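J.: Sequence and computational prediction follow.
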Amino acid sequence: MTTTIMVAGGAGYIGSHMVQTLLAENYDVVIVDNLSTGHRQAVNPQARFYEGDTRDRQFLEKVFSQEKITAVIHMDAFSIVPESVQEPLKYFDNNVIGMVTLLEAMQKHDVHYIIFSSTAATFGNPTKIPVGDTDPQDPINPYGESKLIMEYMMRWVDQAYGIKFVALRYFNAAGALADGSIGEDHRPETHLIPIILRTAVGEQAELKIYGDDYQTPDGTNIRDYVHVMDLTQAHLLAVQYLQAGQASTCFNLGSSTGFSVKEILQAARKITGQPIPAQVAPRRGGDPDILIADNTRAKKILGWKPRYDNVEDIIQTAWNWKQKHPQGYQD
Ligand SMILES: O=c1ccn([C@@H]2O[C@H](COP(=O)(O)OP(=O)(O)O[C@H]3O[C@H](CO)[C@H](O)[C@H](O)[C@H]3O)[C@@H](O)[C@H]2O)c(=O)[nH]1
């Protein structure tokens, strides 16, 4: 019997890669996306696409009535940290209210499984590195707070209605499908690797390195870059984990290796063969010194095996995408 999976946010960066992984594994896929940050061109034609907003009860009612959904992969959220600080209500409205209506529809239509895109931002400034799955969560921005609220909501909803969840807390999602056919296209773009590659092709004069006075060996922030296709594999395993009757839980998803901004820049210079000018600028604000995941539990319990263990390989896939789509998606 085919299993139908709804990907909320399936036209977004991670969502479009998720859809690709599910289709490759012969799942039947339903995409829900309002295209506010996703792209029509990123919608995989092999999936059934419903254009609409997860906060819209009538819209969700239509989708859940027409489709027999086994599990929801919820990747639909705003995720720009500085924007969330400027406009917190926009984040609580989109992220938290969207989760309320989605869980309501799931309850009404007897959908028992949800895999949720959470974030390292739920930890705030971590109490230790690497960050373990059960370490204290204390967000320092509304984006992280909204995702933590969503984690809590799912716990209560599981208790009340038996909807099982796996929350996957991504560290720094990066890279693209290896053939460069889909990739990362945020507007505005705030993420390090796409900005570096934009600088490599001369679209931007120089990379601004936001601070070199952090408590790290070269003074720049250290992050844990994890390939987007490795993230999607973890979601697939999480669906299977819940279908096997396992308990709701949360996992940190990262490579468990950290790279500084300067190290990423060096790796990108090597991959692209371009000089990529860079200049140290003031701190951007809200950046913890170091974020590295402890991925032991995800590996042990889900059987997750990240395939990209080399940051140059990750950057290479992002470069493939950039070279094939210099202007990103055309919609
Ligand atoms: O032009 C730039 C862009 C980024 N950086 C630096 O590069 C590092 C990575 O920045 P990103 O914006 O690529 O990623 P973040 O670590 O800020 O954010 C990621 O992790 C967050 C959780 O901590 C959220 O989940 C967020 O959505 C996700 O993209 C940071 O030290 C940042 O200061 C620069 O120096 N220059």
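T.: Cool, got the structure.
J.: ok, Ile290 - contacts?
T.: Contacts for Ile290 (CB atoms under 8 Å, 6 or more residues apart in numbering) come out as Ile129, Tyr214, Gln215, Thr216, Asn221, Ile222, Arg223, Gly258. Using the backbone N, CA and C atoms, a C-beta is placed for each residue, glycine as well.
J.: Give me the three-state assignment for the second one.
T.: At Tyr214 the chain is in coil, as set by DSSP: H, G, I helix; E, B strand; the rest coil.
J.: domains in this structure, as residue ranges please.
T.: For the chain, automatic domain parsing gives the domain ranges 4-174+225-253, 192-223+256-324.
J.: quick revisit: out of the contacts of Ile290, who's the most crowded?
T.: Among the contacts of Ile290, Asn221 has the most neighbours (other CB atoms under 10 Å), with 26 neighbours.
J.: quick one on the thing from earlier: so which of the domains of the chain comes closest to Gly180?
T.: domain 192-223+256-324 (3.4 Å; CB to CB).
J.: Can you measure across the closest one, start residue to end residue?
T.: The separation between the terminal residues of domain 192-223+256-324, taken as CA to CA, to the nearest Å, is 19 Å.
J.: picking that back up, could you redo the contacts of Ile290 as a markdown table and give each row distance to Thr317 and pLDDT?
T.: Supplementary listing: these in a markdown table, determined by distance: CB to CB, whole Å; pLDDT from 0 to 100:
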| residue | distance to Thr317 | pLDDT |
| --- | --- | --- |
| Ile129 | 26 | 97 |
| Tyr214 | 27 | 97 |
| Gln215 | 31 | 96 |
| Thr216 | 26 | 97 |
| Asn221 | 22 | 97 |
| Ile222 | 21 | 97 |
| Arg223 | 17 | 97 |
| Gly258 | 19 | 97 |
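J.: List just the nearest of those residues to the ligand.
T.: Nearest to the ligand among the contacts of Ile290, counting by CB to the nearest ligand atom, is Asn221 at 3.0 Å.
J.: That closest one against Asp213, yeah?
T.: No. Using CB atoms under 8 Å, Asn221 makes no contact with Asp213, being 10.7 Å away.
J.: Now do the contacts for Ala174.
T.: Contact analysis of Ala174 by CB under 8 Å, 6+ apart lists Glu184, His191, Ile193, Tyr225, Val226, His227, Val228, Ile314, Ile315, Ala318.
J.: actually Leu242, not the one I wrote
T.: Ala71, His112, Tyr113, Ile115, Lys164, Phe165, Val166, Ser248.
J.: What is the nearest of these to Ala205?
T.: Ile115 (40.5 Å).
J.: The closest one should be in a strand, yeah?
T.: Yes. Counting by three-state DSSP, Ile115 is found in a strand.
J.: so it touches Val239, yeah?
T.: Yes. Shown here, Ile115 and Val239 form a contact pair, counting by CB under 8 Å, at 6.1 Å.
J.: hmm, back to that, ok, which of the contacts of Ile290 also contact the ligand?
T.: Filtering the contacts of Ile290 for proximity to the ligand by CB under 6 Å from any ligand atom leaves Asn221, Arg223.
J.: In CSV: the contacts of Ile290, plus distance to Tyr50.
T.: Output for those, formatted as CSV (distance: CB to CB, whole Å):
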residue, distance to Tyr50
Ile129, 41
Tyr214, 44
Gln215, 47
Thr216, 44
Asn221, 38
Ile222, 40
Arg223, 34
Gly258, 39
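J.: farthest-separated two in the contacts of Ile290?
T.: Going by CB to CB, the pair spanning the contacts of Ile290 furthest: Gln215 and Arg223, at 14.2 Å.
J.: so how many other residues sit close to Gln330?
T.: Using other CB under 10 Å, Gln330 is surrounded by 8 other residues.
J.: Helix or strand for it, just tell me which one.
T.: Secondary structure assignment for Gln330, by DSSP states H and E: no helix or strand.
J.: Now do the shared contacts for Ile115 and Val239.
T.: Ala71, Ile73.
J.: Number of residues surrounding the closest residue to Leu23 other than its chain neighbours?
T.: Take Leu23 and drop its neighbours on the chain: the residue closest to it by CB to CB, 6 or more residues apart in numbering is Gln46, 5.2 Å away. By the measure other CB under 10 Å, the count of residues near Gln46 is 12.
J.: Show the model's pLDDT score for Gln46.
T.: Gln46 is assigned a predicted lDDT (pLDDT) of 98.
J.: do Gly285 as well
T.: pLDDT, Gly285: 79.
J.: so it touches Pro82, yeah?
T.: Yes. In this structure, Gly285 is within contact of Pro82 by CB under 8 Å, at 7.3 Å.
J.: re earlier: the residue nearest to Leu23 touches Leu22, doesn't it?
T.: No. With contact taken as CB under 8 Å, Gln46 and Leu22 are classed as non-touching, separated by 9.7 Å.
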